[in-house]
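Peer 1: have a look at this prediction, sequence included:
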Amino acid sequence: MREKLFAWIDQIAASPHPGLWLALLAFAESSFFPLPPDVLLITLGVATPDRAIGYALICSAASVLGGAAGYAIGLLGGRPLLHRFFNQAKVAAVERLYDRYNAWATGIAGLTPIPYKVFTIGGGAFKINFRVFMLASLVSRSLRFMAEGVLLYFFGAPIKDFLFEQFNWLSIAFVVLLIGGFWLVQHVGRRAHRRSAHVGDG
């Protein structure tokens, strides 16, 4: 199965319009398709390192649009749709993350190997704020794919095995950065609010 998958990816990479296939794959993966677009992005980046950043931009944009489609699917189908296509444990985990981080949970999912479509459909099903959902999706998916694109642009084929083998650790590092940034924004916002309230009282 793995050999067939990579043979299919190689065929797409050799096609006349690989960027279009990458966009379709990234869009579909965000809403219903199981294969992450990273595999094709890395293959294309290895074949043509000078186009790696351009491919990363295509992948990012298509993935964000696919996330919006997943949100719409969840909004229309609701919780019953989630429980129909995903097991109870995954749905419960997604709901806990949304309860804790609200729409920013989308950002966590966008950086990790967790199936992104569970969060995009869940975002609609749980009626998460759409604007924040899209912002978190844009930040996380761009950070993930652009990081891969930049590494491929500068290092080409030698970075391929590293990206495949160490992707989970890179994802964890991205999540730590995202949560740290989210905490910093909240912390600074609370301090500014307290300061303005103190000035108002005075």
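Peer 2: Arrived safely.
Peer 1: low pLDDT regions in the protein?
Peer 2: 1-3, 6, 103, 110-114, 162, 164-202 (pLDDT under 70).
Peer 1: chain center to the helix or strand containing Ala62: distance?
Peer 2: For Ala62, the host element (DSSP states H and E) is helix 52-85. Taking C-alpha atoms, centre = their mean, to the nearest Å, one finds helix 52-85 lying 9 Å from the centre of the chain it belongs to.
Peer 1: ok, now stretch 139-155?
Peer 2: When distances are taken as C-alpha atoms, centre = their mean, stretch 139-155 is centred 12 Å away from the chain's centroid.
Peer 1: which other helices and strands contact the helix holding Ala62?
Peer 2: helix 18-29, helix 38-47, helix 88-101, helix 105-111, helix 116-125, helix 130-155 (3 or more C-beta pairs under 8 Å, 6 or more residues apart in numbering; DSSP states H and E). For every residue, glycine as well, the C-beta is placed using N, CA and C.
Peer 1: can you rerun that using 6 Å?
Peer 2: helix 18-29, helix 38-47, helix 116-125, helix 130-155 (3 or more C-beta pairs under 6 Å, 6 or more residues apart in numbering; DSSP states H and E).
Peer 1: ranking these by burial, who's on top?
Peer 2: Greatest average neighbour count among the helices and strands packed on helix 52-85 goes to helix 116-125 (a mean of 27), per mean count of other C-beta atoms under 10 Å.
Peer 1: tilt between that one and helix 18-29?
Peer 2: Orientation of helix 116-125 against helix 18-29 (axes from the mean of the first three to the mean of the last three C-alpha atoms, to 10 degrees) gives an angle of 50 degrees.
Peer 1: counting contacts, what elements does helix 116-125 pack onto?
Peer 2: So helix 116-125, by 3+ C-beta pairs under 6 Å, 6+ apart, packs with helix 52-85, helix 88-101, helix 105-111.
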